[in-house]
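**Q** Structural data only, the sequence is not supplied:
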Ligand code: SF4
Ligand code: SF4
């Protein structure tokens, strides 16, 4: 089975926010929670770059290692998911994650932390595929439908790539070759090159 990965081509990202909106609308993400963000560095200056960031579904995910109740797990295709029936909202995964991916909506009117939410790679969650529970807790399951993640599908400039690691690495390599630059994919060393 191929390994699923994200790759954001920073030479193509135009900071339009289409990926963020697609994710929020497509999965009915509550106000205050963002599974994906666009970060801009050197804004308005020479060398300005924007990067679309979400959970990278790391090879050796630190969030899984620190979770005290084993709420996080990794599928065979590399997608990292959270079981919201098990998560206790302790926040350890937030501190372990190098990409700031875990989000914690407020749990009640006293502001207690709710269970963690993060990018699912549009693969739903541990509930039965296409069930009401899966949709309510985790959003759409596009991977089970054989579709690509929403954010990458909606990216107008095809800056955001998502899918089989070898395929997207080849696309990026070919682009870099044509541009004569861009050999290093942002975040890949941190997310995927752990021993
Ligand atoms: S990006 Fe963060 S939340 Fe996602 S797998 Fe890596 S450590 Fe876990
Ligand atoms: S893969 Fe799906 S859940 Fe993850 S950021 Fe993209 S649209 Fe959101």
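**A** Nice, I can see it. It should be emphasised that the depicted structure is a prediction, and the values quoted were computed from it without experimental measurement. Numbering: from 1, shown residues only. Ligands and ions are numbered 1, 2, ... in the order given.
**Q** What average pLDDT does the lengthiest helix in the chain get?
**A** Identified as the longest helix of the chain according to DSSP state H is helix 165-179. For helix 165-179, mean pLDDT rounds to 92.
**Q** With stretch 87-107 instead?
**A** Stretch 87-107 comes out at a mean pLDDT of 92.
**Q** That stretch and ligand 2 in contact?
**A** No. Contact of stretch 87-107 with ligand 2 (C-beta under 6 Å from any ligand atom) is absent, the minimum separation being 9.3 Å. In short, each C-beta sits where N, CA and C put it, glycine included.
**Q** Show me the contact partners of that stretch.
**A** 30, 32-35, 53-56, 62-63, 65-69, 71-72, 112-119, 187, 190-191 (C-beta atoms under 8 Å, 6 or more residues apart in numbering).
**Q** Sitting in helices, which of those do you find?
**A** 62-63, 65-66, 190-191.
**Q** How about the residues of the protein by ligand 1?
**A** Of all the residues in the chain, those lying near ligand 1 are 55-58, 61-63, 80, 93, 97, 99, 101-102, 118, going by C-beta under 6 Å from any ligand atom.
**Q** how about the residues of this protein near ligand 2?
**A** Residues of the chain lying close to ligand 2 by C-beta under 6 Å from any ligand atom are 22-23, 26-27, 35-36, 54, 119-122, 149-151.
**Q** So what's the gap between the lowest-mean-pLDDT helix or strand in the chain and the chain middle?
**A** When each helix and strand of the chain is scored by mean pLDDT, DSSP states H and E, helix 188-192 comes last, with a mean of 89. Distance of helix 188-192 from the chain centroid (C-alpha atoms, centre = their mean, to the nearest Å) equals 13 Å.
**Q** do the same with stretch 49-68
**A** 8 Å.
**Q** can you check stretch 156-168 too?
**A** The answer for stretch 156-168 is 13 Å, by C-alpha atoms, centre = their mean.
**Q** can you list the residues that contact that stretch?
**A** Against stretch 156-168 from outside (C-beta under 8 Å, 6+ apart): 2-14, 16, 18-19, 52, 78, 121, 148-149, 151-152, 171-172, 192.
**Q** can you map out the strands along this protein?
**A** In the chain, the segments counted as strands under DSSP state E are 4-8, 36-41, 49-54, 72-74, 80-82, 160-164.
**Q** just to revisit the earlier point, what comes up buried for the least confident helix or strand of the chain?
**A** 188, 191-192 (16 or more other C-beta atoms under 10 Å).
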